[in-house]
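[1] everything below, folded, please.
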Amino acid sequence: MHLDHVAFAWDDLGPIRDALDHVGLPFDHGGTHADGTTHMALTGFADGSYLEYIAPTAGTDPEAAGFWPEALAARAGPAAWCVRVDDVVREAKRAIDAGFCIEGPIHGGRDRPDGRRVEWDQVFERTDADDRWLLPFPIADRTPRKWRVSATEGVTALTGVDTVVLAVRGSDAATLFDRRYRTAAPVTIDTDAVDGDAAVVPSAPVAFVPGDDARLDRIGERPVAVLLGTADISEARTAYELTPTVGWGDRRLAWFDHDLLRGRVGVVE
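    Residues are numbered from 1 along each chain as shown. Okay, here's the model as predicted:
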């Protein structure tokens, strides 16, 4: 899985921008999506991955938005994630061969603040159950990828999106990922970063944690946190406002220290 981006959903972009300013994480204004119901900002990293901050446009009810309306209304934070592929049709066929239902390919786009139109194709996957946001959705660019994202000026000490933490109901999620991506069995790790057990998937950018029942009932199994990579967490601490460091298995982790980001966006060494 080649991580492309993680979507962070809120009902207003303003509080997200304020939180990012507070912790010192730079971002770029990304523009409005093609259907006009959502707009976004993003933080791009050197490895090509990025965090997308998405919210309804002015006058749009979150539950009427074109992207992740239930997550926007719930101020879910991490809401969906995406893998970069060369050919979405080929990925759709692979998903079908593995027994998944697909929606797409869907032509997507947004208008940047400078007026440039960005376009891509994407496919959403699920089983018969409502787990479409648990799996990453494949995306392929129609326009040059540098139009969609480039490294955000001022970002230091961060290498990119390292791990997507998924809130799940049980062990079925691991079986689902094995079926779709032939991933290894998850390995439980010691950590104080989350409530309950955490399990990481060897050689894949994925971890599972037990989901809160109320959240699961409202918005389903999906990302609950995203961990950004760093080669030196002390350097990251100098660059950004972070919480005290805790263990993440044999690694070290700290959250961005703001109510809106704490427990949702972290840094892992």
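[2] packing partners for the helix or strand residue 234 falls within?
    Using DSSP states H and E, residue 234 maps to helix 233-239. The helices and strands touching helix 233-239, judged by 3 or more Cβ pairs under 8 Å, 6 or more residues apart in numbering; DSSP states H and E, are strand 251-255, strand 265-268. C-beta here means a position set from N, CA and C on the backbone, and glycine is covered the same way.
[3] beyond that helix, next helix or strand please.
    Going down the chain from helix 233-239, the next helix or strand is strand 246-248, by DSSP H and E.
[4] same question for that following strand: list its buried residues.
    In terms of neighbour count (16 or more other Cβ atoms under 10 Å), strand 246-248 has its buried residues at residue 248.
[5] how about the helices and strands packed on helix 233-239 in JSON lines, adding mean pLDDT, distance to residue 27 and mean neighbour count?
    Output for the helices and strands packed on helix 233-239, formatted as JSON lines (pLDDT from 0 to 100; distance: least, Cβ to Cβ, whole Å; neighbours: other Cβ atoms under 10 Å):
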{"stretch": "strand 251-255", "mean pLDDT": "96", "distance to residue 27": "18", "mean neighbour count": "21"}
{"stretch": "strand 265-268", "mean pLDDT": "98", "distance to residue 27": "12", "mean neighbour count": "24"}
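[6] which residues in the chain form helices?
    Taking DSSP state H as the criterion, the chain contains helices spanning 13-23, 69-73, 88-97, 145-148, 172-181, 213-219, 233-239.
[7] residue ranges with poor pLDDT in the stretch 51-200 of the chain?
    Residue ranges of the stretch 51-200 of the chain with pLDDT under 70: 128-130.
[8] quick check: bridge partners of residue 103?
    In this entry, residue 103 is beta-bridged to residue 124, by DSSP bridges.
[9] now for it: which residues touch it?
    123-126, 132 (Cβ atoms under 8 Å, 6 or more residues apart in numbering).
[10] any idea how far residue 135 is from it?
    12 Å (Cβ to Cβ, to the nearest Å).
[11] can you list residues touching both of those two?
    125-126.
[12] before we move on, the earlier item: which one, of the helices and strands packed on helix 233-239, ends up nearest to residue 38?
    Minimum separation from residue 38 across the helices and strands packed on helix 233-239 (Cβ to Cβ) falls at strand 265-268, 19.4 Å.
[13] show residues contacting the closest one.
    Contacts for strand 265-268 (Cβ under 8 Å, 6+ apart): 8, 51, 77-78, 158, 162-163, 193, 225-230, 233, 236, 240, 242, 248, 251-256.
[14] now do the strands in the stretch 51-200 of the chain.
    77-84, 101-111, 117-126, 137-141, 160-168, 187-189, 198-200 (DSSP state E, counting those that start in this stretch).
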